[in-house]
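**Student:** sequence unavailable; structure follows:
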(Lines give C-alpha, C1' and ligand atoms only; values in the text may rest on other atoms or scores of the structure.)
Protein backbone atom coordinates (compact mmCIF):
# COMPACT_ATOMS: atom_id res chain seq x y z
CA UNK A 1 0.00 0.00 0.00
CA UNK A 2 3.06 2.24 0.06
CA UNK A 3 2.70 2.56 -3.70
CA UNK A 4 -0.93 3.67 -3.52
CA UNK A 5 -0.10 6.31 -0.91
CA UNK A 6 2.83 7.63 -2.94
CA UNK A 7 0.74 7.82 -6.12
CA UNK A 8 -2.08 9.55 -4.24
CA UNK A 9 0.36 12.09 -2.81
CA UNK A 10 1.98 12.77 -6.16
CA UNK A 11 -1.35 13.23 -7.92
CA UNK A 12 -2.63 15.51 -5.14
CA UNK A 13 0.48 17.71 -5.29
CA UNK A 14 0.20 17.90 -9.08
CA UNK A 15 -3.42 19.02 -8.77
CA UNK A 16 -2.37 21.66 -6.26
CA UNK A 17 0.42 22.81 -8.57
CA UNK A 18 -1.98 23.15 -11.51
CA UNK A 19 -4.36 25.27 -9.46
CA UNK A 20 -1.83 27.76 -8.12
CA UNK A 21 0.74 30.11 -9.60
CA UNK A 22 3.23 29.27 -6.87
CA UNK A 23 3.49 25.58 -7.63
CA UNK A 24 7.29 25.72 -7.73
CA UNK A 25 7.47 25.74 -3.94
CA UNK A 26 5.52 22.53 -3.57
CA UNK A 27 7.41 19.36 -2.63
CA UNK A 28 7.71 16.71 -5.30
CA UNK A 29 7.22 12.96 -5.25
CA UNK A 30 8.90 10.60 -7.76
CA UNK A 31 6.70 8.90 -10.33
CA UNK A 32 6.26 5.14 -10.00
CA UNK A 33 6.58 3.23 -13.27
CA UNK A 34 6.13 -0.39 -12.29
CA UNK A 35 5.53 -2.66 -9.30
CA UNK A 36 6.85 -6.21 -9.06
CA UNK A 37 5.03 -8.67 -6.83
CA UNK A 38 3.95 -5.98 -4.41
CA UNK A 39 7.49 -5.77 -3.00
CA UNK A 40 9.66 -4.01 -5.58
CA UNK A 41 8.97 -0.78 -7.41
CA UNK A 42 10.62 1.08 -10.25
CA UNK A 43 10.34 4.82 -9.81
CA UNK A 44 11.65 8.01 -11.30
CA UNK A 45 15.32 8.66 -10.58
CA UNK A 46 15.96 12.00 -8.92
CA UNK A 47 19.37 13.58 -9.48
CA UNK A 48 20.34 15.37 -6.30
CA UNK A 49 21.60 14.96 -2.76
CA UNK A 50 19.74 13.74 0.27
CA UNK A 51 19.83 15.69 3.49
CA UNK A 52 21.89 12.82 4.89
CA UNK A 53 24.54 13.43 2.22
CA UNK A 54 24.42 17.19 2.69
CA UNK A 55 24.94 16.73 6.42
CA UNK A 56 28.36 15.19 5.73
CA UNK A 57 29.75 18.52 4.50
CA UNK A 58 27.49 21.11 6.13
CA UNK A 59 27.22 22.26 9.72
CA UNK A 60 23.97 22.04 11.65
CA UNK A 61 23.34 25.75 11.11
CA UNK A 62 23.76 25.30 7.37
CA UNK A 63 21.36 22.35 7.39
CA UNK A 64 18.58 24.44 8.93
CA UNK A 65 17.67 26.00 5.58
CA UNK A 66 16.90 22.51 4.28
CA UNK A 67 14.99 21.60 7.42
CA UNK A 68 12.87 24.72 6.90
CA UNK A 69 11.91 23.37 3.48
CA UNK A 70 10.99 19.99 4.93
CA UNK A 71 8.83 21.60 7.62
CA UNK A 72 7.07 23.61 4.92
CA UNK A 73 6.52 20.40 2.95
CA UNK A 74 4.94 18.70 5.97
CA UNK A 75 2.56 21.65 6.30
CA UNK A 76 1.59 21.23 2.65
CA UNK A 77 1.05 17.47 2.96
CA UNK A 78 -1.32 18.11 5.85
CA UNK A 79 -3.49 20.30 3.60
CA UNK A 80 -4.08 17.57 1.00
CA UNK A 81 -7.83 16.76 0.88
CA UNK A 82 -8.63 13.23 2.02
CA UNK A 83 -11.61 11.33 0.53
CA UNK A 84 -14.57 11.16 2.90
CA UNK A 85 -14.78 7.36 2.62
CA UNK A 86 -11.12 6.83 3.55
CA UNK A 87 -10.22 4.73 6.60
CA UNK A 88 -7.17 5.03 8.86
CA UNK A 89 -4.12 3.53 7.18
CA UNK A 90 -2.39 3.81 3.81
CA UNK A 91 -4.39 5.16 0.91
CA UNK A 92 -6.75 2.44 -0.26
CA UNK A 93 -6.68 0.59 3.05
CA UNK A 94 -4.22 -1.58 4.91
CA UNK A 95 -2.02 -1.75 7.97
CA UNK A 96 -1.00 1.50 9.63
CA UNK A 97 2.78 1.92 9.82
CA UNK A 98 3.73 4.49 12.43
CA UNK A 99 6.28 4.80 15.28
CA UNK A 100 3.46 4.45 17.82
CA UNK A 101 3.14 0.70 17.24
CA UNK A 102 5.36 -2.30 17.94
CA UNK A 103 7.87 -2.60 15.10
CA UNK A 104 6.01 0.40 13.62
CA UNK A 105 3.08 -1.78 12.47
CA UNK A 106 -0.46 -1.72 13.83
CA UNK A 107 -1.79 -5.09 15.07
CA UNK A 108 -4.82 -5.06 12.76
CA UNK A 109 -6.63 -3.10 10.10
CA UNK A 110 -8.86 -0.37 11.53
CA UNK A 111 -11.94 0.41 9.48
CA UNK A 112 -12.68 3.73 11.17
CA UNK A 113 -11.28 6.24 13.64
CA UNK A 114 -13.57 4.98 16.42
CA UNK A 115 -12.07 1.47 16.39
CA UNK A 116 -8.55 2.91 16.28
CA UNK A 117 -9.32 5.15 19.25
CA UNK A 118 -10.87 2.27 21.18
CA UNK A 119 -7.79 0.10 20.77
CA UNK A 120 -5.37 2.90 21.66
CA UNK A 121 -7.40 3.66 24.78
CA UNK A 122 -7.47 -0.02 25.77
CA UNK A 123 -3.68 -0.09 25.60
CA UNK A 124 -3.20 3.27 27.32
CA UNK A 125 -5.40 2.35 30.30
CA UNK A 126 -3.68 -0.94 31.11
CA UNK A 127 -2.10 -0.90 34.59
CA UNK A 128 1.45 0.39 34.84
CA UNK A 129 3.82 0.72 37.75
CA UNK A 130 5.20 4.10 38.79
CA UNK A 131 8.01 4.96 41.15
CA UNK A 132 6.05 7.97 42.35
CA UNK A 133 2.52 6.69 42.83
CA UNK A 134 0.91 3.30 43.31
CA UNK A 135 -1.91 4.10 40.89
CA UNK A 136 -0.73 6.52 38.18
CA UNK A 137 -3.40 8.23 36.06
CA UNK A 138 -4.55 6.45 32.92
CA UNK A 139 -5.39 9.09 30.32
CA UNK A 140 -7.52 8.28 27.29
CA UNK A 141 -7.33 9.67 23.78
CA UNK A 142 -10.05 11.56 21.95
CA UNK A 143 -9.36 11.53 18.22
CA UNK A 144 -10.81 13.92 15.68
CA UNK A 145 -12.62 12.02 12.92
CA UNK A 146 -10.88 14.06 10.23
CA UNK A 147 -7.97 12.28 8.55
CA UNK A 148 -4.74 13.84 7.32
CA UNK A 149 -1.86 12.60 5.22
CA UNK A 150 0.65 11.93 8.00
CA UNK A 151 4.27 11.42 6.95
CA UNK A 152 6.08 9.91 9.91
CA UNK A 153 9.59 8.83 8.83
CA UNK A 154 11.92 11.81 9.07
CA UNK A 155 15.13 9.95 8.32
CA UNK A 156 17.31 12.53 6.48
CA UNK A 157 17.89 10.07 3.63
CA UNK A 158 14.23 10.40 2.65
CA UNK A 159 14.54 14.01 1.48
CA UNK A 160 16.35 14.84 -1.77
CA UNK A 161 17.29 18.34 -2.96
CA UNK A 162 17.94 18.61 -6.70
CA UNK A 163 20.11 21.11 -8.58
CA UNK A 164 17.19 23.55 -8.84
CA UNK A 165 16.62 23.51 -5.10
CA UNK A 166 13.39 21.53 -5.30
CA UNK A 167 12.58 19.12 -2.48
CA UNK A 168 11.70 15.52 -3.35
CA UNK A 169 10.17 13.20 -0.76
CA UNK A 170 10.66 9.45 -1.00
CA UNK A 171 9.81 6.38 1.11
CA UNK A 172 6.09 6.49 1.83
CA UNK A 173 6.15 3.23 3.75
CA UNK A 174 5.30 5.07 6.96
CA UNK A 175 2.83 7.53 5.46
CA UNK A 176 -0.82 6.95 6.34
CA UNK A 177 -4.17 8.69 6.56
CA UNK A 178 -4.55 9.38 10.28
CA UNK A 179 -5.88 11.87 12.83
CA UNK A 180 -3.66 14.93 13.21
CA UNK A 181 -2.33 13.89 16.63
CA UNK A 182 -0.39 11.08 14.91
CA UNK A 183 1.67 13.73 13.14
CA UNK A 184 2.40 15.30 16.51
CA UNK A 185 3.49 11.96 17.92
CA UNK A 186 5.71 11.17 14.92
CA UNK A 187 7.59 14.43 15.50
CA UNK A 188 7.76 14.33 19.30
CA UNK A 189 8.60 10.62 19.58
CA UNK A 190 10.20 9.82 16.22
CA UNK A 191 12.25 6.89 14.98
CA UNK A 192 15.73 6.93 16.55
CA UNK A 193 17.51 7.66 13.25
CA UNK A 194 15.55 10.89 12.74
CA UNK A 195 15.50 12.32 16.26
CA UNK A 196 17.23 15.69 15.94
CA UNK A 197 15.69 16.36 12.52
CA UNK A 198 12.18 15.60 13.76
CA UNK A 199 12.72 17.94 16.71
CA UNK A 200 13.84 20.74 14.42
CA UNK A 201 10.91 20.17 12.04
CA UNK A 202 8.46 20.25 14.95
CA UNK A 203 9.86 23.63 16.04
CA UNK A 204 9.41 25.05 12.54
CA UNK A 205 6.11 23.57 11.42
CA UNK A 206 3.30 26.12 11.13
CA UNK A 207 0.35 23.76 11.43
CA UNK A 208 -1.12 23.84 14.93
CA UNK A 209 -0.53 20.28 16.09
CA UNK A 210 -2.65 18.97 19.00
CA UNK A 211 -0.82 17.60 22.03
CA UNK A 212 -3.68 16.54 24.32
CA UNK A 213 -3.50 12.87 23.26
CA UNK A 214 0.27 12.47 23.41
CA UNK A 215 0.47 11.16 26.98
CA UNK A 216 -2.17 8.51 26.33
CA UNK A 217 -0.45 7.54 23.09
CA UNK A 218 2.89 7.35 24.89
CA UNK A 219 1.44 4.95 27.45
CA UNK A 220 -0.12 2.86 24.69
CA UNK A 221 3.21 2.75 22.87
CA UNK A 222 4.83 1.39 26.01
CA UNK A 223 2.42 -1.54 26.08
CA UNK A 224 2.72 -2.06 22.31
CA UNK A 225 6.47 -2.34 22.68
CA UNK A 226 6.61 -4.83 25.55
CA UNK A 227 3.62 -7.05 24.80
CA UNK A 228 2.51 -9.51 22.16
CA UNK A 229 0.99 -8.08 19.01
CA UNK A 230 -2.48 -9.45 19.62
CA UNK A 231 -2.91 -7.97 23.10
CA UNK A 232 -6.39 -6.45 23.23
CA UNK A 233 -7.64 -8.27 20.13
CA UNK A 234 -10.11 -11.13 19.95
CA UNK A 235 -8.88 -14.55 18.86
CA UNK A 236 -10.35 -14.22 15.38
CA UNK A 237 -9.05 -10.72 14.71
CA UNK A 238 -6.24 -11.04 12.22
CA UNK A 239 -4.87 -8.84 9.48
CA UNK A 240 -6.99 -8.40 6.40
CA UNK A 241 -6.15 -7.47 2.84
CA UNK A 242 -2.90 -8.42 1.12
CA UNK A 243 -0.63 -8.26 4.16
CA UNK A 244 0.41 -11.33 6.13
CA UNK A 245 1.49 -10.52 9.70
CA UNK A 246 4.54 -12.18 11.19
CA UNK A 247 2.55 -13.74 14.01
CA UNK A 248 0.33 -15.82 11.72
CA UNK A 249 3.09 -18.35 11.16
CA UNK A 250 1.52 -21.79 11.74
CA UNK A 251 3.48 -22.68 14.86
CA UNK A 252 2.32 -19.49 16.57
CA UNK A 253 -1.27 -19.29 15.35
CA UNK A 254 -1.85 -22.95 16.27
CA UNK A 255 -1.24 -21.97 19.88
CA UNK A 256 -3.50 -18.93 19.64
CA UNK A 257 -6.42 -20.69 17.95
CA UNK A 258 -6.28 -23.69 20.27
CA UNK A 259 -6.87 -21.47 23.29
CA UNK A 260 -10.09 -19.79 24.42
CA UNK A 261 -10.50 -16.11 23.67
CA UNK A 262 -8.21 -14.30 26.11
CA UNK A 263 -8.33 -10.85 24.57
CA UNK A 264 -8.98 -9.21 27.94
CA UNK A 265 -6.73 -11.41 30.07
CA UNK A 266 -3.25 -9.89 30.20
CA UNK A 267 -1.84 -12.68 32.36
CA UNK A 268 -2.98 -15.49 30.07
CA UNK A 269 -1.83 -13.71 26.93
CA UNK A 270 1.63 -13.10 28.34
CA UNK A 271 1.80 -16.69 29.60
CA UNK A 272 0.83 -18.13 26.21
CA UNK A 273 3.32 -15.84 24.50
CA UNK A 274 6.13 -16.89 26.83
CA UNK A 275 5.42 -20.58 26.32
CA UNK A 276 5.39 -20.12 22.55
CA UNK A 277 8.66 -18.21 22.44
CA UNK A 278 10.49 -20.41 24.97
CA UNK A 279 9.19 -23.89 24.20
CA UNK A 280 12.68 -25.41 24.02
CA UNK A 281 13.67 -23.79 27.30
CA UNK A 282 10.52 -25.23 28.88
CA UNK A 283 11.44 -28.69 27.58
CA UNK A 284 14.94 -28.44 29.02
CA UNK A 285 13.62 -27.16 32.33
CA UNK A 286 11.20 -30.06 32.53
CA UNK A 287 13.88 -32.62 31.72
CA UNK A 288 16.23 -31.03 34.22
CA UNK A 289 13.60 -31.10 36.93
CA UNK A 290 12.92 -34.76 36.16
CA UNK A 291 16.61 -35.55 36.29
CA UNK A 292 17.04 -33.76 39.59
CA UNK A 293 14.06 -35.51 41.14
CA UNK A 294 15.35 -38.92 40.03
CA UNK A 295 18.82 -38.15 41.34
CA UNK A 296 17.42 -37.22 44.74
CA UNK A 297 15.01 -40.13 44.83
CA UNK A 298 17.43 -42.83 43.68
CA UNK A 299 20.98 -41.84 44.66
CA UNK A 300 23.77 -44.04 43.29
CA UNK A 301 25.42 -46.10 46.07
CA UNK A 302 28.32 -47.76 44.28
CA UNK A 303 29.88 -47.04 40.94
CA UNK A 304 29.24 -49.52 38.17
CA UNK A 305 31.75 -50.31 35.40
CA UNK A 306 31.04 -48.50 32.19
CA UNK A 307 30.45 -51.65 30.16
CA UNK A 308 28.43 -54.42 31.75
CA UNK A 309 26.08 -56.95 30.21
CA UNK A 310 23.31 -55.84 32.53
CA UNK A 311 23.10 -52.06 32.16
CA UNK A 312 25.30 -49.12 31.40
CA UNK A 313 24.33 -46.83 34.26
CA UNK A 314 22.56 -47.23 37.50
CA UNK A 315 19.42 -45.19 37.97
CA UNK A 316 21.13 -42.49 40.01
CA UNK A 317 23.92 -41.99 37.49
CA UNK A 318 21.39 -41.81 34.66
CA UNK A 319 19.44 -39.14 36.50
CA UNK A 320 22.61 -37.14 37.13
CA UNK A 321 23.55 -37.44 33.46
CA UNK A 322 20.13 -36.10 32.46
CA UNK A 323 20.57 -33.17 34.80
CA UNK A 324 24.07 -32.43 33.44
CA UNK A 325 22.79 -32.48 29.86
CA UNK A 326 20.06 -30.03 30.85
CA UNK A 327 22.62 -27.68 32.39
CA UNK A 328 24.84 -27.89 29.31
CA UNK A 329 22.06 -26.79 26.96
CA UNK A 330 20.87 -24.03 29.25
CA UNK A 331 24.33 -22.45 29.48
CA UNK A 332 25.39 -23.15 25.91
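**Tutor:** It's in. Keep in mind that this is a model prediction, so the values were computed, not measured.
**Student:** use CA for all of it now, contacts and neighbours both
**Tutor:** Noted.
**Student:** how about the backbone phi and psi for residue 194?
**Tutor:** Residue 194 adopts backbone torsions of phi -120, psi 20, taken as degrees, to the nearest 10.
**Student:** any idea how far it is from residue 223?
**Tutor:** 22 Å (Cα to Cα, to the nearest Å).
**Student:** kindly report the same for residue 13.
**Tutor:** 37 Å.
**Student:** how does the protein divide into domains?
**Tutor:** As given by automatic domain parsing, the domain ranges for the chain are 2-226, 279-331.
**Student:** packed most tightly, which of these would that be?
**Tutor:** Sort the domains of the chain by mean neighbour count, taking mean count of other Cα atoms under 10 Å, and domain 2-226 sits at the top with a mean of 17.
**Student:** low-scoring stretches of the stretch 151-300 of the chain, by residue?
**Tutor:** Within the stretch 151-300 of the chain, the stretches falling below the threshold (pLDDT under 70) are 235-236, 238-280, 282, 299-300.
**Student:** list phi and psi for the closest residue to residue 210 other than its chain neighbours.
**Tutor:** Distances taken as Cα to Cα, 6 or more residues apart in numbering put residue 181 closest to residue 210, at 5.6 Å, once the chain neighbours are dropped. Taking degrees, to the nearest 10, you get phi -60, psi -20 for the backbone angles of residue 181.
**Student:** save the domains of the chain as a markdown table, and put in distance to residue 233 too.
**Tutor:** Written out in a markdown table, the entries for the domains of the chain read as follows (distance: least, Cα to Cα, whole Å):
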| stretch | distance to residue 233 |
| --- | --- |
| domain 2-226 | 8 |
| domain 279-331 | 23 |
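**Student:** wait, residue 176 sits on residue 151?
**Tutor:** Yes - between residue 176 and residue 151 there is a contact under Cα atoms under 8 Å: 6.8 Å.
**Student:** quick one on the thing from earlier: relative to residue 187, how far out is the residue nearest to residue 210?
**Tutor:** Residue 181 sits at a distance of 10 Å from residue 187 (criterion: Cα to Cα).
**Student:** could you pull out the helices for the stretch 101-250 of the chain?
**Tutor:** In order along the chain, the stretch 101-250 of the chain carries the following helices (DSSP state H, counting those that start in this stretch): 113-124, 181-188, 195-204, 214-226, 250-257.
**Student:** nearest to residue 57, out of those helices?
**Tutor:** helix 195-204 (16.3 Å; Cα to Cα).
**Student:** for that closest one, name the packing helices and strands.
**Tutor:** helix 60-77, helix 181-188 (3 or more Cα pairs under 8 Å, 6 or more residues apart in numbering; DSSP states H and E).
**Student:** quick one: that helix to chain centroid distance?
**Tutor:** Going by Cα atoms, centre = their mean, to the nearest Å, the spacing between the C-alpha centre of helix 195-204 and its chain's C-alpha centre is 21 Å.
**Student:** which residue is the nearest non-sequential neighbour of residue 116?
**Tutor:** With Cα to Cα, 6+ apart as the measure, residue 110 is the residue that lies nearest to residue 116, at 5.8 Å, once sequence neighbours are left out.
**Student:** the one you found and residue 97, how far apart?
**Tutor:** Per Cα to Cα, residue 110 is found 12 Å from residue 97.
**Student:** what's the overlap in contacts for those two?
**Tutor:** Taking Cα atoms under 8 Å, 6 or more residues apart in numbering as the contact rule, the neighbours common to residue 110 and residue 97 are residue 89.
**Student:** residues near residue 233, how many?
**Tutor:** 17 (other Cα atoms under 10 Å).
**Student:** for it, what are phi and psi?
**Tutor:** Note on residue 233: backbone dihedrals following degrees, to the nearest 10 are phi -110, psi 150.
**Student:** what does residue 42 give?
**Tutor:** The main-chain torsion angles of residue 42 are listed as degrees, to the nearest 10 and equal phi -110, psi 120.
**Student:** give the bridge partners for it, please.
**Tutor:** Residue 42 has these beta-bridge partners by DSSP bridges: residue 34.
**Student:** how close does it sit to residue 174?
**Tutor:** Applying Cα to Cα, one obtains 18 Å for the distance of residue 42 from residue 174.
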